[in-house]
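Enquirer: I would like to see how this sequence folds:
(2 chains)
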Protein chains: 2
Amino acid sequence: MTNQEPDQDSFIVRPNPHDARLTERVTGIGHDGAPVTTSVTVERPLTLYLNKREIVTMMTICDYPDYLAVGYLVNQNMIRPGDTITGVEYVEDVDAVIVRTDTETNFEDKLRKKTLTSGCAQGTVFGDMMEKFDNVTLPEDMQIKTSWLQALTHTVNTTPSLYLEAGAIHGCVLCEQDKALLYMEDVGRHNAVDKIAGYMYLNGMSGADKIFYTTGRLTSEMVIKTVQMGIPILVSRSGFTAWGVELARKVGLTLIGRARGKRFVALAGEQRIVFDASQDISENGDVDEPAHLNRKGSSRDE
Amino acid sequence: MTNQEPDQDSFIVRPNPHDARLTERVTGIGHDGAPVTTSVTVERPLTLYLNKREIVTMMTICDYPDYLAVGYLVNQNMIRPGDTITGVEYVEDVDAVIVRTDTETNFEDKLRKKTLTSGCAQGTVFGDMMEKFDNVTLPEDMQIKTSWLQALTHTVNTTPSLYLEAGAIHGCVLCEQDKALLYMEDVGRHNAVDKIAGYMYLNGMSGADKIFYTTGRLTSEMVIKTVQMGIPILVSRSGFTAWGVELARKVGLTLIGRARGKRFVALAGEQRIVFDASQDISENGDVDEPAHLNRKGSSRDE
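Expert: Next comes the predicted model:
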């Protein structure tokens, strides 16, 4: 797989690094004092309203304000199974997005207690976010083959993206077996997660047979969001926090970190992993992590 | 410099990777299916009170709750020049830290409008956080030599740290010339910044002759915090966002990104850079970024 072209036909949504709104060319100087021109990611404010109430202003690349808005509300438990979304409106000239529901929601109670989390700003965890943890059951029979894992990391590493174009951005990918379906990027990694959650919610897509890949660290809130989406397997090229591992074990989520080339470490839900691929690192090494992709060793990513 | 031992005598505060509270040993399986035991970073909740008011609950490694608490309040403009801190109390058994001031502060007004930012949760930017920008003057005559830059990145890359021990953590370093003074790490990069701000505030340390190094991306809020600390030069091994560059140019901050080995790109305040070091990358290459440090290419860091 590592020497093949990635299977990019499977994408429903993929990055569009050539969208002129998403990057800007900036001129400065390099280490030798000579002028250099480089691409940088553009972040924009986006204020989210739920019906008439202002919820939050987020910084985002703003490529999918509708998915971001809905995914944020769903992941924060501000929209519940009983609620019906009647419309999502992006008002570009005032940097706002409005989500309308058929009834008032009960999220105001949740605003009383908020926890700022260790990750991105959108990782705000409300007091009762954990409540789903006691009820959730992730499908036990779902598996991940190591050949899929290698194929997926190769696809992510070689798909044209804003990361490869301008850097300073996070990516999340929703996968099914060895196919990457939705690849979202954003300046905050929780924006990327929420855009995928919004897409899944609006398209009635189940998480039960999916694998979630993130470039970010496997923190408690990343575990919580994955479980909320009903996805049984979470993969990252980055590292773990202790609480993330603890929550994953409690809920039975398969947690695979430091996934690069053929290497990985699994610290929870290991029974879902099927070892069908070559594990000989010396053989084909980290061929799918070529140096120019500049992705080695980013366990400091989040 | 690249082949010398780093100058670690200059540290006032440095990481303590052997503090048993900060990491946990966890057992899982590796890519070959064999058991592996690895270190993961421990994150803990910490609830911050300003006098009698609960402000926020943060996730932190909790090595310096006092500096974190004060730095958070100072960077959020919740403590102003006229305010006097009369005490900081860490109550370990309830995971709380209380900052007491002699008078009530006016921060309540600021809570009305908040902006979640693109980085870590503590990057919450209140409506008037920008107000300092119109008044601030960063010292024009402050310089940074490329030899200092090389020495500092070498010191950061080779100093024992939680990052090297367990990964999944951010680091910030306050520097003076080629000396690293304060090296703080945390699960959120804004915690690391705030711990440095808290130390500076409580010790009456000026930012005017300092250089601020971060492993995180050069986003708008990282620029804002650096300027609030009065520091004229901001360096990162990671990349830029467009708004970060725009703000740095507006306020005259020197912004150096993608700093690895001898390489870097400067996109604002370039006039402070003095090119006194060899710029020949082929010559000594990235010797100060040895592969085992696993830090290459982490422009996806944040």
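Enquirer: Could you look up the next helix or strand downstream of the helix or strand where residue A:183 lies?
Expert: Element membership of residue A:183, judged by DSSP states H and E, is strand A:179-186. Where DSSP H and E defines the elements, the next helix or strand beyond strand A:179-186 is helix A:189-202.
Enquirer: hmm, the helix or strand following that following helix in reach of chain B?
Expert: Of the helices and strands lying after helix A:189-202 in sequence (DSSP H and E), the nearest is strand A:211-214. No: Strand A:211-214 lies apart from chain B when judged by C-beta under 8 Å from any C-beta of the partner chain; the minimum separation is 10.8 Å. Placement of C-beta: from N, CA and C, glycine included.
Enquirer: Can you list the strands that strand A:211-214 pairs with?
Expert: With DSSP bridges as the test, strand A:211-214 is paired with strand A:170-176 (antiparallel), strand A:233-236 (parallel).
Enquirer: what about the shortest one, average pLDDT?
Expert: When you say that, I think you mean strand A:233-236. Regarding strand A:233-236, the rounded mean pLDDT is 98.
Enquirer: In PDB, list the C-alpha atoms belonging to that strand.
Expert: Output of strand A:233-236 as PDB, limited to C-alpha atoms (Å, rounded to 0.1, in the frame of the first residue of the first chain):
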ATOM      1  CA  ILE A 233     -12.300   3.600  17.200                       C
ATOM      2  CA  LEU A 234     -10.200   6.700  17.600                       C
ATOM      3  CA  VAL A 235      -6.700   7.000  15.900                       C
ATOM      4  CA  SER A 236      -4.200   9.800  16.200                       C
END
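Enquirer: what's the strand holding residue A:183 packed up against?
Expert: helix A:146-158, strand A:170-176, helix A:189-202 (3 or more C-beta pairs under 8 Å, 6 or more residues apart in numbering or on different chains; DSSP states H and E).
Enquirer: mind listing what the closest residue to residue A:84 other than its chain neighbours touches?
Expert: Distance criterion C-beta to C-beta, 6 or more residues apart in numbering or on different chains; nearest residue to residue A:84, sequence neighbours excluded, is residue A:102 at 4.5 Å. Residue A:102 makes contact with A:83, A:84, A:86, according to C-beta atoms under 8 Å, 6 or more residues apart in numbering or on different chains.
Enquirer: Any idea how many residues pack against the last one?
Expert: By that I understand residue A:86. When neighbours are counted by other C-beta atoms under 10 Å in any protein chain shown, residue A:86 registers 11.
Enquirer: Any figure for the gap between it and residue A:198?
Expert: According to C-beta to C-beta, to the nearest Å, residue A:86 stands 15 Å off from residue A:198.
Enquirer: Could you do the second one as well?
Expert: Using C-beta to C-beta, residue A:84 is found at 15 Å from residue A:198.
Enquirer: and what of residue A:72?
Expert: Residue A:72 is 7 Å from residue A:198, by C-beta to C-beta.
Enquirer: ditto for residue A:30
Expert: As judged by C-beta to C-beta, residue A:30 and residue A:198 stand 39 Å apart.
Enquirer: Who has more neighbours out of the two?
Expert: residue A:198 (25 against 15).
Enquirer: Buried residues, the one helix or strand residue A:74 maps to. List them.
Expert: According to DSSP H and E, residue A:74 maps onto helix A:65-75. Buried residues in helix A:65-75, counted by 16 or more other C-beta atoms under 10 Å in any protein chain shown: A:65, A:66, A:67, A:68, A:69, A:70, A:71, A:72, A:73, A:74, A:75.
Enquirer: That's all I had, so thanks and see you.
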